[in-house]
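Asks: sequence and predicted structure are below.
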Amino acid sequence: MNLNQHCWNHEEREAACRCPACGRSYCRECVSEHEGRLLCAACLIRITANRQPETHTLRKLAPPAMIAAGILLAWLVYWAAGAALIGLIHRMSAMRGVRTHACSVHTPVNAECFSADQDA
């Protein structure tokens, strides 16, 4: 059994690795790393020629989708804060006895307001 393997392309050089695709032994100059494997030039050409270019549609759509999600989130936060603030104002007005009426937004109920409503 011969343990001294030589390069398939260069008989005088000692083999550094074996191509996993074709099984031949090659020196370090005859192999290239591709996707974590050391392949000979012929196998590398064959593998990359059969490969179709990958379309990354999700990667293309990610930035606009993230911008839209950010705008939607900001709108939702400001809407919720506004609704909470309006609710707080209404509760505070109710606690003080101030009733909101059609005469103005937040005025105490007085005779002028009732007389305007009754005349209408």
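Replies: Received the coordinates, thanks. Numbers count the residues shown, from 1 in each chain.
Asks: where does this protein dip in pLDDT?
Replies: Low-confidence segments of the chain (pLDDT under 70): 1-4, 52-55, 98-120.
Asks: quick one: the strands in the protein, in order.
Replies: 17-18, 25-26, 31-34, 37-40 (DSSP state E).
Asks: how about these, which one is nearest I71?
Replies: Set against I71 and scored by Cβ to Cβ, the strands of the chain come closest in strand 31-34, at 41.8 Å. C-betas here are computed from N, CA, C, even on glycine.
Asks: circling back to that earlier point, taking the strands of the chain together, which one is wrapped up most tightly?
Replies: Of all those, strand 25-26 has the most neighbours on average by mean count of other Cβ atoms under 10 Å, namely a mean of 22.
Asks: just to revisit the earlier point, tabulate the strands of the chain (TSV), appending distance to G70.
Replies: Below are those laid out as TSV (distance: least, Cβ to Cβ, whole Å):
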stretch	distance to G70
strand 17-18	49
strand 25-26	51
strand 31-34	38
strand 37-40	41
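Asks: from L44, how far out is N9?
Replies: 14 Å (Cβ to Cβ, to the nearest Å).
Asks: out of the two, which sits in the more crowded spot?
Replies: Between N9 and L44, counting by other Cβ atoms under 10 Å, L44 is the more crowded of the two (18 against 15).
Asks: ok, the more buried one - contacts?
Replies: Listed by Cβ atoms under 8 Å, 6 or more residues apart in numbering, the contact set of L44 reads 32, 34.
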